[in-house]
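> attaching a predicted model along with its sequence, questions to come.
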Amino acid sequence: MICDQFIDRTTGRADTYYRGPDVVHISAADPYCPELRALAGRIAGQQSLRWRPAGTVVVVQGPRFSTRAESRWYSRMGWDIVGMTQYPEVILARELEMCYLNLCLVTDYDAGLEGAPEVGAVQAHDVMRVLAENIVRVRDLLAATIPMIPAEPSCNCQRSLEAAGYKKKKGRDWGLGLQGRGSGITISAALLRTGEEAVTALSRLTIEARSGVSYSPQK
Ligand SMILES: [Zn+2]
């Protein structure tokens, strides 16, 4: 799922570079880069992946998984994905005027499915297993997407500080976030800088799950 919105249910995470006395009130109405979302969606379609072009991720504090009541609430609110990362990375990237893309890998049904007792609550090993099955697809999607990022953006991500009354900086930075659903399996976000270095950066990109699973794409 290529998310377009998030709900922040975290606490105590440092979520701004501007702690005062100066503060910056950036817009978070559309927190993810529309250009990178469209590009990743186009590539996902070409690669015949099962994917969705939009959705809302609710970011929970963790590290525990959801109760059934919490999971029911998230679902009834219309939120699509439960994760433990993504916030504040996405907002920190916005403060740095970086284009930011989030790819959510669905790994489980959180606390289970009501009316389907055969679908139980998630366990950490379930998440790791599904993640391992999908990591090649993620690699291929990233390998095809990153070189296609235009050097000149058509979005407004690079003007977020300007819009908030701060000075514009030069150049294009971009980043991406990856996460599994549900459990403490969240993959750390990888922030890459500058389109010119994108392909080189991909060869160095390492996606590490907090549980210790790591993956390094080939050059
Ligand atoms: Zn952008």
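Cool, got the structure. Small disclaimer: the values here were computed from a predicted structure and weren't measured.
> alpha carbons only for contacts and neighbour counts from here, please
Noted.
> name the SS class of Leu101, please.
Of the three states, Leu101 takes strand under DSSP: H, G, I helix; E, B strand; the rest coil.
> now whichever helix in the chain runs longest: mean pLDDT?
With DSSP state H setting the assignment, residue counts place helix 124-145 as the longest helix in the chain. When pLDDT is averaged over helix 124-145, the result is 82.
> where does this protein dip in pLDDT?
167-219 (pLDDT under 70).
> what segments of it are helices?
34-46, 68-76, 89-95, 124-145, 160-163, 198-204.
> quick one: which of the ones you listed is nearest the ion?
Nearest to the ion among the helices of the chain is helix 34-46 (5.6 Å), distances taken as C-alpha to the ion.
> which parts of that closest one are buried?
34-37, 39-41, 43-44 (16 or more other C-alpha atoms under 10 Å).
> mind putting the residues you listed in CSV, distance to the ion included?
Below are those laid out as CSV (distance: C-alpha to the ion, whole Å):
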residue, distance to the ion
Pro34, 6
Glu35, 6
Leu36, 6
Arg37, 9
Leu39, 11
Ala40, 12
Gly41, 14
Ile43, 17
Ala44, 18
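> can you list the neighbours in contact with stretch 52-64?
With contacts defined as C-alpha atoms under 8 Å, 6 or more residues apart in numbering, stretch 52-64 is touched by 1-11, 37-38, 41, 74, 78-87, 183-184.
> switch the cut-off to 6 Å
The contact list for stretch 52-64 (C-alpha atoms under 6 Å, 6 or more residues apart in numbering) reads 1-10, 79-84, 184.
> state the number of residues packed around the nearest residue to Ile7 once chain neighbours are set aside.
Spatially, and ignoring its direct neighbours in sequence, Ile7 is nearest to Val58 (4.5 Å; C-alpha to C-alpha, 6 or more residues apart in numbering). For Val58, the neighbour count with other C-alpha atoms under 10 Å is 26.
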